[in-house]
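Student: Predicted model, plus sequence, below.
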Amino acid sequence: MSKERTRTSQPRQSEGVRAFKRGLDVLQEINRSGGIRAGDVARALDLPRPTVYRLLETLEELGYVARSASDDRFRVTRLALSLGDGYDPGVVICQAAAPYLAELSKTLVWPVDLSTYENAAMVVQETTHSRSPLSIDRGMIGKRLPMLRTSAGRAYLAACPARERDLIVSHLRRIDEADDRPFLDQGRLDQMIAETQARGYAIRSEGEYNPKTASIAVPIVRNGAVYGCISIIWIRSALSIEEATAQFVSQLQETAAAIPVEV
C-alpha cells in the first residue's frame, strides 16, 4: 500500500516541481528584462502562452510581479527585492504612479511619461504613449532622456538638492556630449535652474532634443527628495507653449502631488 502511494504520488510531485521551476523561470525572465509582456516571456522561454498567462496571474496574485497599466508589461515588485539585483527602485514609483497616469490619460490626450533619474539621464519608467492617438513615439519605456535638453531632466535638476545637482552637472561635464555643451554654459545653466524653480515646472519648447515636439515636466518631490518627473509631450506646431501651459500644468502638478510615495 505504501509503495502504491509512493508510485501514485511521484507523478504529482514531478508535475509540481516542473510547474514551480517554470514559475521561477518566468520570474527570472521578468527580473532580467526589467519589464516584459506575457507573449515575449512565452517566446523567450519557449512555453505555451496559456501556461505563461496562468503563471503570471499566480505571481501577480502573490505580489511578486505587477502589470503596467499603460503597456501590459510585467515587472518585479518590492516583494521580489531579495530575488536578485534586477530589482529597480524605479519600479516602486512606477507601480504607484501607473493608475494616476492612466487616469490622467483620460483627460490629457497627448502622451504622458513618468521618468526617474539614473546615471546622468532620465529613464522612462511608465508612459501613455501606447494609448495616445497623438503620439509620434512608441516603445518609450526604458528610453534614456538627456538631462539638459528635456523638460524631465530640467525639472529634476531644478528640484533636487543643490549638492546632488552639482554632482550630476559635474558628471555631465565629464561625459562631455557635444549636444550638451551649449547648455553647460554656467550662465545659461544657472538661468534655466532659476527660471524652472520660480515657475515650478520645466519646459522644452525650442526644438532641442526633438525638433518636432515640445514638453512640460513637473517633479514628484517628497521631503526634499525627487522621486521622478511627469512629462507631457506634444507636437510643437499644434500648440504654443502658452497654450500648453494653461491646459496642462495644473493637472500635472495635481497628479504629481497625489501619487503615494513611501518616504
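Tutor: Great, that's in hand.

Student: which SSE is the residue nearest in space to the middle of the chain in?
Tutor: Of all residues in the chain, the one closest to the mean position by CA atoms, centre = their mean is Gln125, 0.8 Å from it. The secondary structure element spanning Gln125 is strand 121-127 (assigned by DSSP states H and E).

Student: ok, now Leu167?
Tutor: With secondary structure defined by DSSP H and E, Leu167 is part of helix 162-175.

Student: and that helix, what's its mean pLDDT?
Tutor: On average, the pLDDT along helix 162-175 is 94.

Student: got the phi/psi numbers for Gly228?
Tutor: Note on Gly228: its backbone torsions stand at phi 170, psi -170 [degrees, to the nearest 10].

Student: Which residue is the nearest non-sequential neighbour of it?
Tutor: Thr116 (4.4 Å; CB to CB, 6 or more residues apart in numbering). (Each C-beta comes from the backbone N, C-alpha and C, glycine too.)

Student: do the same with Arg165
Tutor: Per CB to CB, 6+ apart, closest to Arg165 is Leu157, 5.4 Å.

Student: Look at the one you found and say how many residues are nearby.
Tutor: Residues lying near Leu157 (other CB atoms under 10 Å) number 25.

Student: same for the helix or strand hosting it, what does it pack against?
Tutor: Using DSSP H and E, the element containing Leu157 is helix 151-159. Counting contacts by 3 or more CB pairs under 8 Å, 6 or more residues apart in numbering; DSSP states H and E, helix 151-159 packs against strand 112-117, strand 121-127, strand 144-146, helix 162-175, helix 186-199, strand 202-204, strand 213-222, strand 225-235.

Student: Give the buried residues for stretch 55-67.
Tutor: Neighbour counts using 16 or more other CB atoms under 10 Å place 55-56, 59, 64-67 of stretch 55-67 among the buried residues.

Student: If you could redo that for stretch 223-239, that was the one I meant.
Tutor: Neighbour counts using 16+ other CB under 10 Å place 226-234, 236, 239 of stretch 223-239 among the buried residues.

Student: wait, isn't the residue nearest to the centre of the chain in contact with Leu101?
Tutor: No: contact status for Gln125 versus Leu101: not in contact, 10.1 Å apart, counting by CB atoms under 8 Å.

Student: residues contacting the residue nearest to Arg165?
Tutor: Neighbour list for Leu157: 147-148, 165, 168-169, 193, 196 [criterion: CB atoms under 8 Å, 6 or more residues apart in numbering].

Student: That one and Gly187, how far apart?
Tutor: With distances taken as CB to CB, to the nearest Å, Leu157 is found 15 Å from Gly187.

Student: Ok, Ser105 next?
Tutor: Note on Ser105: its distance to Gly187, by CB to CB, is 38 Å.

Student: same deal with Val52?
Tutor: 55 Å.

Student: higher neighbour count, the two?
Tutor: For Val52 versus Gly187, neighbours defined as other CB under 10 Å are more numerous around Val52 (24 against 7).
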